[in-house]
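Asks: sharing a model prediction with you, sequence too.
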Amino acid sequence: MRMIIHDLQEQEFAGWVGDTQEELTIISDNGAIRSCLGCFGCWTRTPGVCVIKRDGYNNLGELLSRSDELIIISKCMYGSYSPFVLNVLNRSISYVLPYFVTRKGDTHHRNRYDHQFALSVHFYGDDITEAEQDTARTLVAANSINFYSTGNNVYFHNSPRSIKEVI
């Protein structure tokens, strides 16, 4: 399954994915997402599932566990993701366990699922600086390690329209 997380307006994204035989999950901003509470309930009270149930974003960790490829499309905000995409990633913390392991001298959460996916991130913006690009590459590399992905690719685009051609 491919999973796409994006911050584009509905009319901008319309028609990007035509009729396809592959399983595809699209996570977009429906205006209802609530911020992560930082309560760790997805680890303790309802393991693997976010305790915020009413907004429809409570199963993100489980969705990641079924994904072979995660594609993120985000406006580059000072070398990071847009607020919506960042919120989705925060709400996906249930993909990993609250316990820690040391890998290559760094501390990381243990993986909950025996599963890996490829990670591709497409940042867009009018004038993304070299410093922002460096920060974004470092961020995506860290996310790749924390999500136990098989690797990552980072792309920079002047506008969302140019992303459509490559995904």
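Replies: Looks like it arrived, so ask away.

Asks: helices of the chain, start to end?
Replies: With DSSP state H, the ranges of helices along the chain come out as 10-13, 41-44, 60-65, 83-91, 130-146, 160-164.

Asks: pLDDT below threshold where in the protein?
Replies: When the per-residue scores of the chain are filtered using pLDDT under 70, the ranges that remain are 19-21.

Asks: find the centremost residue of it, please.
Replies: For the chain, the residue lying nearest the average C-alpha position, counting by Cα atoms, centre = their mean, turns out to be residue 89 (4.9 Å).

Asks: neighbours of the closest residue to residue 65 other than its chain neighbours, how many?
Replies: Closest residue in space to residue 65, ignoring its immediate chain neighbours: residue 113 at 4.0 Å, by Cβ to Cβ, 6 or more residues apart in numbering. Every residue, glycine included, has its C-beta placed from N, CA and C. Using other Cβ atoms under 10 Å, the number of residues around residue 113 comes to 16.

Asks: what do you get for residue 3?
Replies: For residue 3, the tally of surrounding residues (other Cβ under 10 Å) stands at 20.
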